[in-house]
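Undergrad: here are the coordinates; sequence isn't available:
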């Protein structure tokens, strides 16, 4: 498996993963992939998972929803969660991720957004209480979240969890929840939809409408490994058939492509441009 990394905004390529994850430190790195459902991380971030593992990093996948809505026949209704749990173990084991590095929150499908926060009105503790101690315990250094733009309500919710809770893991708060762990890179990955035009960096480059700003080009064996992992989710064959079929667009001349959007989850307001602007107002 070979990888080429791209900063699309800077129009730069490299065989060094530091182009995607600046300052990459091999065995000191823990990449956390927030996956709304068990198969999403593989569908959208499979290449970067394999690249991180190849470069000595640890990958932890956080599966937020339990998969209870993923049955395609009524007979599976009461067993689908356990079926998908077993399929998940096989799929991520095939990628090279250890079983203990697949973490489950077991929130019901189509419900994740109502679990965001710490102390919820229902009286239970929300995902914030799960996320912060986990990120600190494993020493998270990079976070990938799903694209929140018009994909799925659970994708939106899980993206918010990673983008809003992630920075808090590095803040000097809640000292009894573990040693702080500052996240150095935040990336969005697409399961199937294009990224938000509000975050678009390049317009009209090469007569295309390009919204991602990072990419990985890989050899064909990478896509084959991902495809074999996806096939472990036999219960989801009908559910994700169109997504699997659309993967043919990733391939060209023996190579395959995966794209991401690097984001700043805390874009602080800079007043300096405003001073220059108002001084020109007569």
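TA: All right, it came through fine. Nothing here was measured: the structure is a model prediction, and the numbers come from that model.

Undergrad: Could you find the closest non-adjacent residue to residue 89?
TA: The shortest distance from residue 89 to any non-neighbouring residue, by Cβ to Cβ, 6 or more residues apart in numbering, is to residue 99 (6.1 Å). C-betas here are computed from N, CA, C, even on glycine.

Undergrad: Quick check on that neighbour: phi, psi?
TA: With angles defined as degrees, to the nearest 10, residue 99 sits at phi -60, psi -40.

Undergrad: And it, what's its pLDDT?
TA: You'll see residue 99 listed with a pLDDT of 96.

Undergrad: from now on call the first residue 423
TA: New numbering, starting at 423: the last item is residue 521.

Undergrad: can you pull the contacts of it?
TA: For residue 521, the contact set (Cβ atoms under 8 Å, 6 or more residues apart in numbering) comprises 511, 514-515.

Undergrad: Now which of these would you call buried?
TA: Taking 16 or more other Cβ atoms under 10 Å as the criterion, what is buried in those is residue 514.

Undergrad: got CSV for the contacts of residue 521, with pLDDT, secondary structure and distance to residue 527 too?
TA: Listed next are the contacts of residue 521 as CSV, based on pLDDT from 0 to 100; DSSP: H, G, I helix; E, B strand; the rest coil; distance: Cβ to Cβ, whole Å:
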residue, pLDDT, secondary structure, distance to residue 527
511, 97, helix, 16
514, 98, helix, 16
515, 97, helix, 20
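
Undergrad: Out of the contacts of residue 521, which comes closest to residue 610?
TA: Proximity of the contacts of residue 521 to residue 610 (Cβ to Cβ) peaks at residue 514, which lies at 20.7 Å.

Undergrad: give me every residue that touches the closest one.
TA: Counted by Cβ under 8 Å, 6+ apart, residue 514 has contacts 464, 483, 521, 523-524, 651.

Undergrad: now do 10 Å
TA: 457, 460, 463-464, 471, 481, 483, 485, 520-521, 523-524, 651, 654 (Cβ atoms under 10 Å, 6 or more residues apart in numbering).

Undergrad: Out of the residues you listed, the closest to residue 645 would be?
TA: Closest to residue 645, out of all of these and judged by Cβ to Cβ, is residue 651, at 10.7 Å.

Undergrad: Nothing else from me, thank you.
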